[in-house]
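Engineer: Build me a model:
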Amino acid sequence: MQHYPVFLSVKGQRIALSGGGEAAVAKLRLLLKTEAEIVVYAADPVAEIQDWAAQGKLSLVQRALAAGDLSSEVLFYAADEDHAEDARTAAIAQDAGVLVNIVDNLEDSQFITPAIVDRDPVTVAIGTEGAAPVLARAIKADLEERLSPNLGMLARVGKSFRKAVDALPFGRARRDFWADYYFKSGPRVETQGEGAAAQALDELLFQHVYADAQPGHVAFVGAGPGDPELLTLKARKALDAADVVIYDRLVAPEILELARREAKLIDAGKTPYGQHTPQEHINGLIVEHALQGHLVVRLKSGDPTVFGRLDEELDACDAARVAYTVVPGITAASAAVASIGQSLTKRGRNASVRFLTGHDVDGFADHDWSDLAAPGAVAAVYMGKKAARFMQGRLIMHGADPFTPITIVENASRADQRVIGSTLTTLPQDLADAHLTGPALTFIGLSPRRAAATLTKFQQQELA
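Structural biologist: Here you go, the predicted model:
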């Protein structure tokens, strides 16, 4: 992010602009919506600018900007549509310590003006850092259609009640109140004007002040394999509402970005064979925050019901009488098998598939190796990197074909995904040569389709 978005208070502040043509008019149409004092420097301004000056909407100085003209301005626009003149006036503004925007010159500008959807006092700013102005305008047009013309009125009425809403506890209680107003009570009366909206808000506040406090709730949410686009809509809604997010080590940073800015984020990661947060401590955190009346999202990589120790956390909630819901996610096996162009089951090959873990609390996990060694058997092994040689020995000992295809998918669904094709005979060495650092899933009995493998190799070259 090269440009940090802020909303600058300009009430009573001075904004200066140099230019008298169409570029200046375009900027002034937006600036005149503010409560700033606008000063325009132009030797030969177009009639529209002169009319605005005659109406007292701006101050017009009919000459070119000169050194010493600027001092207390907060912003300056160079809009003369002449490279040399824009550079000259921009230098004057910079010498005076004023932030500068040069129209159609992103490189030399200190700030940019975004596309704006105006529902005063609700303002939506859309910026692409100059990369795609057509896209910004398209997003603006879409939002203009979606947002009610009365949204600004509802916001103005809501603003007048902000002090009264202090009667509600900070946090969830206030959010629930405002959500009821903006999405239920307000829209029902928005066409009736500010008086009706104010009355609806007053009645709603009374209801919320005397309502019983809402109990806490825990949502066990599957974050999926990593790609934010694979997150379910229900998971997105849970993150948007959460007061507290307790997340695992493998949850992608892009998914954490989707949580509310005000939410408390707690890292409860576990590193195999390394430092980790004890499960009892995680259970305690979940229950503690829920009992405080918070909406808690326990965010788990993949699907919470697959090797996620979900039952232990559910037991803790049951013991504390904390309500919960489980929001499924796309498990790593589904994302990984899709990336190699295969399916987990195939008629004539295998009518079942095993989801296995490479290790458990006691070390390498044992399984029904004779069944897994049978021709056509397919298994998806989670957390199996360090168990590769152990699995190889057990399978071969139980009669597996040494050339059984093996596929390892690292960072499934993410931009840095890698696919390694192998066989049972070469599995440990292939893993060692690959130097895997991310989470990996091992498929026993599956090899990548040629097209999928080629695409993955091309993607790896692009990422290198």
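Engineer: now the strand or helix carrying L201: mean pLDDT?
Structural biologist: Per DSSP states H and E: L201 is located in helix 194-209. Averaging pLDDT along helix 194-209 gives 89.
Engineer: how far does it sit from the chain's center?
Structural biologist: Remark: helix 194-209 is offset 33 Å from the chain centroid, using Cα atoms, centre = their mean, to the nearest Å.
Engineer: What strands line up against the very next helix or strand once past that helix, and which way round?
Structural biologist: Per DSSP H and E, the first helix or strand lying C-terminal to helix 194-209 is strand 217-222. Sheet pairing of strand 217-222 (DSSP bridges) gives strand 295-300 (parallel), strand 323-327 (parallel).
Engineer: if you compare the ones you listed, which one is most tucked away?
Structural biologist: For these, average neighbour numbers computed from mean count of other Cβ atoms under 10 Å are highest in strand 295-300, which has a mean of 28. C-beta here means a position set from N, CA and C on the backbone, and glycine is covered the same way.
Engineer: thinking again about what came up before, would you mind giving the strands paired with strand 217-222 as JSON lines with mean pLDDT and distance to H435 added?
Structural biologist: Below are the strands paired with strand 217-222 laid out as JSON lines (pLDDT from 0 to 100; distance: least, Cβ to Cβ, whole Å):
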{"stretch": "strand 295-300", "mean pLDDT": "96", "distance to H435": "27"}
{"stretch": "strand 323-327", "mean pLDDT": "97", "distance to H435": "35"}
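Engineer: Looking at these, which is nearest to E37?
Structural biologist: When the strands paired with strand 217-222 are ranked by proximity to E37, the top entry is strand 295-300, at 45.0 Å, counting by Cβ to Cβ.
Engineer: Alpha carbons of the closest one, as PDB, please.
Structural biologist: This file holds the C-alpha atoms of strand 295-300, laid out as PDB (Å, rounded to 0.1, in the frame of the first residue of the first chain):
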ATOM      1  CA  LEU A 295     -18.700 -13.500  20.300                       C
ATOM      2  CA  VAL A 296     -15.600 -15.700  20.000                       C
ATOM      3  CA  VAL A 297     -14.400 -17.200  16.700                       C
ATOM      4  CA  ARG A 298     -12.100 -20.200  17.200                       C
ATOM      5  CA  LEU A 299     -10.400 -20.100  13.800                       C
ATOM      6  CA  LYS A 300      -8.900 -23.400  12.600                       C
END
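Engineer: and Q214, what is it in contact with?
Structural biologist: R172, A173, D176, G293 (Cβ atoms under 8 Å, 6 or more residues apart in numbering).
Engineer: Domain-wise, how is this structure divided?
Structural biologist: 14-113, 151-209, 217-330, 333-463 (automatic domain parsing).
Engineer: Format the ones you listed as a markdown table; extra columns: distance to V6.
Structural biologist: Shown next, in a markdown table, are the domains of the chain (distance: least, Cβ to Cβ, whole Å):
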| stretch | distance to V6 |
| --- | --- |
| domain 14-113 | 9 |
| domain 151-209 | 19 |
| domain 217-330 | 14 |
| domain 333-463 | 29 |
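Engineer: can you tell which of these is closest to A136?
Structural biologist: Each of the domains of the chain has some distance to A136 by Cβ to Cβ; the shortest is domain 14-113, at 10.6 Å.
Engineer: And that closest one, end to end?
Structural biologist: With Cα to Cα, to the nearest Å as the measure, domain 14-113 spans 16 Å from end to end.
Engineer: tell me the average confidence for it?
Structural biologist: pLDDT averaged over domain 14-113 gives 95.
Engineer: Find the residue closest to V25 in space, skipping its chain neighbours.
Structural biologist: E48 (5.4 Å; Cβ to Cβ, 6 or more residues apart in numbering).
Engineer: quick one, which of the domains of the chain is nearest to R137?
Structural biologist: domain 14-113 (12.8 Å).
Engineer: Quick check: Q94 touching V100?
Structural biologist: Yes. The pair formed by Q94 and V100 meets the contact definition of Cβ atoms under 8 Å, at 5.8 Å.
Engineer: So between those two, which is more surrounded?
Structural biologist: Higher neighbour count among Q94 and V100: V100, with 21 against 15, using other Cβ atoms under 10 Å.
Engineer: Surely the more buried one is in contact with S109?
Structural biologist: Yes. Between V100 and S109 there is a contact under Cβ under 8 Å: 6.4 Å.
Engineer: still on that earlier bit, tell me, how many neighbours does the residue nearest to V25 end up with?
Structural biologist: 14.
Engineer: element containing it?
Structural biologist: helix 47-54.
Engineer: Direction included, what does the following helix or strand past that helix pair against?
Structural biologist: As assigned by DSSP H and E, the chain's next helix or strand after helix 47-54 is strand 59-61. The strands that strand 59-61 pairs with in its sheet are strand 37-41 (parallel) (by DSSP bridges).
Engineer: Outside of the strand it pairs with itself, list whatever touches it.
Structural biologist: With contact meaning Cβ under 8 Å, 6+ apart, strand 37-41 is reached by 12-20, 24, 28, 31-32, 49, 53, 57-61, 63-65, 69, 73, 89.
Engineer: what sits against L265?
Structural biologist: Taking Cβ under 8 Å, 6+ apart, we find L265 in contact with V245, Y247, L256, A259.
Engineer: Could you pull up phi and psi at the third one?
Structural biologist: Pointing back at L256 there. Backbone torsions of L256, given as degrees, to the nearest 10, read phi -60, psi -30.
Engineer: how close does it sit to D315?
Structural biologist: Note on L256: its distance to D315, by Cβ to Cβ, to the nearest Å, is 26 Å.
Engineer: between these two, which one's more packed in?
Structural biologist: For L256 versus D315, neighbours defined as other Cβ under 10 Å are more numerous around L256 (17 against 11).
Engineer: what residues are up against the more buried one?
Structural biologist: Contact analysis of L256 by Cβ under 8 Å, 6+ apart lists V245, Y247, L265, L299.
Engineer: For the third one, give me phi and psi.
Structural biologist: With angles defined as degrees, to the nearest 10, L265 shows backbone torsions of phi -100, psi 130.
Engineer: which strand residues sit across from it in the sheet?
Structural biologist: Note on L265: beta-bridge partners by DSSP bridges are V245.
Engineer: Which residue ranges of the stretch 251-400 of the chain form helices?
Structural biologist: Counting by DSSP state H, counting those that start in this stretch, the stretch 251-400 of the chain has helices at residues 253-256, 279-291, 310-320, 332-339, 369-372, 388-397.
Engineer: Highest mean neighbour count out of these?
Structural biologist: Most buried among the helices of the stretch 251-400 of the chain, counting by mean count of other Cβ under 10 Å: helix 332-339, with a mean of 23.
Engineer: Residues that sit against both of Q94 and V100, list them.
Structural biologist: Q110.
Engineer: Lovely, talk soon.
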